[in-house]
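Chemist: for reference, the sequence and a predicted model appear below.
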Amino acid sequence: MSAVIEIKNIKKSYGNVKAVDDISLQVKRGEVLGIIGANGAGKSTTLEIMMGLRKPDEGTVTVLGMDIAKESEQIKQKIGIQLQQTALYDRIKVKEALELFSSYYEKKRDINEIIEVLGLRPYLNKFVKNLSGGWQQRTSLALALINDPDIIFLDEPTTGLDPQARLELWGCINRYRKEGKTIILSTHYMDEAQKHCDRIAIIKKGKLISVDEPKRLISTLENDGATLEDVYLQYAVGN
Ligand SMILES: Nc1ncnc2c1ncn2[C@@H]1O[C@H](COP(=O)(O)OP(=O)(O)OP(=O)(O)O)[C@@H](O)[C@H]1O
């Protein structure tokens, strides 16, 4: 598999907080890469640097062979972004949000097809803020898909959703994975990460501790029956 994203020696500080401390990582075409780590570990900052939303203090980011520092406009056309729950679209209706996003891009996927796949048709005339968390997340996934991106970024897509809504959202995400899209997400749910991610990147205090397949990470632990949660407790927490 070839790399669709390559970050090299990325650093980002806020005052004396080293949010990202010298991370290098390659994301392979077509994989689902999960980023795990404690609150404040640097997951969102790393994701936002890959998306081009934040500039690193040091290091380089190459997305689909393009340098993010020079070709961010071209890159934006080819990526889809779902941020953590946001009030940004609260005051507009689902249909309006879809139309607005569609107007940003040259290449567009058929909106009706996205609406059908994500089951949004009954909600089109509702305000985003009046939807349940699960439907808000589906709306923001729909917005991330509108330009038929090669790479989809999902920042904690299932946080706060009930188990059924989480399962359904994963059904939607997996459908796009089957099309060969590369998916990069952060999550606090180790069961989801273990089940759905091809590889897991563990971030602790701004540093990349490990990146590997869930079963290989689990095999580094000595106890039989270990899960990714045990991996998390072993590698992602503490000093
Ligand atoms: N805009 C900002 N200004 C100041 N500090 C920031 C800013 N954004 C992030 N930080 C700090 O950088 C560190 C990393 O934050 P980040 O949001 O990347 O972590 P995270 O792993 O995504 O956390 P969470 O799981 O809580 O979402 C934290 O200490 C956070 O407080």
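Modeler: Perfect, thanks for sending it.
Chemist: what does the protein put close to the ligand?
Modeler: Among all residues of the chain, those adjacent to the ligand (criterion: Cβ under 6 Å from any ligand atom) are 14, 17, 19, 37, 39-45. All C-beta atoms are positioned from the backbone trio N, CA, C, and that covers glycine.
Chemist: are any of those residues buried, and which?
Modeler: With neighbours counted by 16 or more other Cβ atoms under 10 Å, the residues of the chain next to the ligand contain buried members at 19, 37, 41-45.
Chemist: where do the helices of the chain begin and end?
Modeler: Secondary structure of the chain (DSSP state H): helices located at 43-51, 72-78, 94-102, 111-118, 133-145, 163-178, 190-196, 214-219, 228-235.
Chemist: tell me what the longest one is packed against?
Modeler: Where contact means 3 or more Cβ pairs under 8 Å, 6 or more residues apart in numbering; DSSP states H and E, helix 163-178 is packed against helix 111-118, helix 133-145, strand 151-155, strand 182-186, helix 190-196.
Chemist: buried residues in it?
Modeler: In helix 163-178, counting by 16+ other Cβ under 10 Å, buried: 165-166, 168-170, 172-173, 176-177.
Chemist: between those residues, which is nearest the ligand?
Modeler: Checking the buried residues of helix 163-178 against the ligand by Cβ to the nearest ligand atom gives Arg166 as the nearest, at 16.9 Å.
Chemist: and that closest one, what does it touch?
Modeler: Under the criterion of Cβ atoms under 8 Å, 6 or more residues apart in numbering, the contact list for Arg166 reads 158, 189, 192.
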